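In: Just a sequence and a predicted model for now, questions to come.
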Amino acid sequence: MPSSIVIPLDGSALSESALVVGAQVARATATSVTLLTSGWGSTVRELETYLRTQAAAIEAPATTSVVPDTFPATAIAHALDPEVVVEMATHGRSGLGKALLGSVAEDVIKATDRPVVLVGPSAGGGPELGGGTMVIPTDGSETAASVLDQAAEWATAMEMSVHIVAVCTSKGTTAGRREETTMTDAEVAAAVTEAADRLRAQGLAVVEETVIGNDPARSIVDLAAQMPAALIAMSTHARGGLARTALGSTAMKVVHDAPCPVLVQKPAH
């Protein structure tokens, strides 16, 4: 687990929605919290006052950090080290409607190999992370499996049970994968069991499930809502450019619609 959780704030209600989740992680893992802000048009004193007010409102010990006259992604990048995890709110969408923290979230994921916890606009009011259920989607790929070690660490620290899920089409192939890399029913089941066994070997209670659906993001979100899940953990392709967001299309949709926070992990290169 990280030694510290950094929660970036920009004065908006959206950014402040991450505070509840950050406090839950801190309480469940005895991790410290740092509230960070940056920007133009305000004095350092005003920014410090804002952060102190937010720190006093959360149920966890918190320190504050002001980085004036700096772009948010740059300020966050300067706060990163191997033991720090960023936990932040985002609209979880790309394009012209993207909010400030939407673009910042992508920049942060590109800049770090650490997991990033994202709180989308639909998250909130769910179960506590400590003792809750973590959903881990898999499509049988190495990219999907890259989140397993971090997911195990978080689930163990917060005493969470784990639900491994694969989404398959009605034809029995894995939804969301390119046609040339689709899998048979047996291969999907084997991939789910392999992922589950890796987590069971670390002492976690794991449930395996395959659901039918042509839209993997929608199926993951619906399952998380029905349970209800406290956290979703998934990998991201972390690609940029016009063709694909840094979060990857499925992860971005999950972040936008999920009823709970989403831990995303960029695969090692």
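Out: That came through fine.

In: which ones are touching the nearest residue in space to T70 that is not next to it in sequence?
Out: Residue nearest to T70 in three dimensions, not counting chain neighbours: S38, with 4.5 Å by C-beta to C-beta, 6 or more residues apart in numbering. C-beta here means a position set from N, CA and C on the backbone, and glycine is covered the same way. Neighbouring residues of S38 by C-beta atoms under 8 Å, 6 or more residues apart in numbering: 8, 47, 66-72, 74-75.

In: and L263, that one's in a strand?
Out: Yes: if the criterion is DSSP: H, G, I helix; E, B strand; the rest coil, then L263 is within a strand.

In: The nearest residue to it once chain neighbours are set aside is in what secondary structure piece?
Out: Spatially, and ignoring its direct neighbours in sequence, L263 is nearest to A233 (4.4 Å; C-beta to C-beta, 6+ apart). Under the criterion of DSSP states H and E, A233 resides in strand 231-235.

In: I'd like the average pLDDT over the helix or strand that comes right after that strand.
Out: Sequence order places helix 249-257 as the next helix or strand after strand 231-235, per DSSP H and E. Average pLDDT, helix 249-257: 88.

In: Now do helix 249-257 against strand 231-235, angle only.
Out: 160 degrees (axes from the mean of the first three to the mean of the last three C-alpha atoms, to 10 degrees).

In: Please put the alpha-carbon coordinates of helix 249-257 into CSV.
Out: C-alpha atoms of helix 249-257 as CSV (Å, rounded to 0.1, in the frame of the first residue of the first chain):
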residue,chain,number,x,y,z
SER,A,249,-12.3,3.0,-24.1
THR,A,250,-13.6,0.4,-21.8
ALA,A,251,-11.9,1.8,-18.6
MET,A,252,-13.1,5.3,-19.5
LYS,A,253,-16.7,4.2,-19.8
VAL,A,254,-16.5,2.3,-16.6
VAL,A,255,-15.1,5.3,-14.7
HIS,A,256,-17.8,7.5,-16.1
ASP,A,257,-20.7,5.2,-15.1
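
In: Distance-wise, check Y50 relative to T70.
Out: 16 Å (C-beta to C-beta, to the nearest Å).

In: and if you look at K110?
Out: Here K110 is placed at a distance of 17 Å from T70 (C-beta to C-beta).

In: now do V167
Out: 40 Å.

In: Ok, V135 next?
Out: 36 Å.

In: So those two - more neighbours on which side?
Out: For V135 versus T70, neighbours defined as other C-beta atoms under 10 Å are more numerous around V135 (27 against 16).

In: okay but the more buried one is in contact with M227, surely?
Out: Yes: taking contacts as C-beta atoms under 8 Å, V135 lies within contact range of M227: 7.2 Å.

In: which residues do these two both contact?
Out: Counting by C-beta under 8 Å, 6+ apart, the shared contacts of V135 and M227 are H163.

In: Tell me the helix or strand right after the lowest-mean-pLDDT helix or strand in the chain.
Out: Sorting the helices and strands of the chain by mean pLDDT, DSSP states H and E puts helix 100-111 at the bottom, at a mean of 73. Counting by DSSP H and E, the next helix or strand C-terminal to helix 100-111 is strand 116-119.

In: For P228, which non-adjacent residue is closest in space?
Out: Closest to P228 by C-beta to C-beta, 6+ apart is G126, at 5.4 Å.

In: next one: Q24
Out: L129 is the one closest to Q24 (C-beta to C-beta, 6+ apart), at 4.6 Å.

In: what's the answer for R200, then?
Out: That would be V206: by C-beta to C-beta, 6+ apart, it lies 5.3 Å from R200.
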